[in-house]
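>>> build me a model from this:
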Amino acid sequence: MLIGFSIYGLLMMICPIQTLRFALIGKYQIHREWAIRLFALVLGSWIYRIGYGVIMTLLDRKGLGPQFSGPADYFMDFAFFVIPLIIAEIVIKGRKSSAYSLWRLTGAALCIVTSLLIWHATFFFLSRGNWGKSIHVLLQQL
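Numbering: from 1, shown residues only. Reported below is the predicted structural model:
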């Protein structure tokens with residue numbers, strides 16, 4: 001976990017710096033690419049929570065170990081930010097390709113599928129899980 005989260009933290013420092021740097025020097029295409037990477041990393045935090053929600057709910061905690069030492073835990077140490085970054089790189093490559101290239105179509109399809117999966121998991125956990133109930137109780141107390 002230490003290695004995965006250290007790499008994630010380092011990337012979370014590099015991407016905004018690069019995004020801002022290229023915007024300030026007027027290289028907007030490169031700025032946009034770094035912004036896409038940053039967006040993917042920001043989603044990673046939510047994907048990490050959703051991933052554990054899926055493992056706990058749908059897989060009945062299979063693969064989870066004590067103190068985050070199971071195979072699912074080791075997978076999650078990197079998957080929550082590496083998979084979105086891979087998708088981001090495909091989208092970036094697709095933006096540089098012709099309108100109907102395989103890269104562009106794959107990037108668009110991955111964005112749609114990923115968006116639907118994140119939306120569905122978020123809706124599921126907010127409407128049926130403890131997250132939604134806790135938020136509802138908190139809002140009622142305000």
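>>> spatially central residue in this structure, please.
Ranked by distance to the mean C-alpha position of the chain (Cα atoms, centre = their mean), the top residue is residue 44 at 2.8 Å.
>>> ok, and the helix or strand in this protein with the lowest average confidence?
Scoring the helices and strands of the chain by mean pLDDT, DSSP states H and E places helix 130-141 at the bottom, with a mean of 79.
>>> hang on, the residue nearest to the centre of the chain packs against residue 80?
Yes: if you go by Cβ atoms under 8 Å, residue 44 and residue 80 touch, sitting 4.8 Å apart. Every residue, glycine included, has its C-beta placed from N, CA and C.
>>> got the buried residues for the longest helix anywhere in the chain?
Taking DSSP state H as the criterion, the chain has its longest helix at helix 28-57. Judged by neighbour count (16 or more other Cβ atoms under 10 Å), helix 28-57 contains these buried residues: 31, 33-38, 40-41, 43-44, 47-48, 50-53, 55.
>>> give the contact list for the residue nearest to the centre of the chain.
Going by Cβ atoms under 8 Å, 6 or more residues apart in numbering, residue 44 touches 8, 80, 81, 84.
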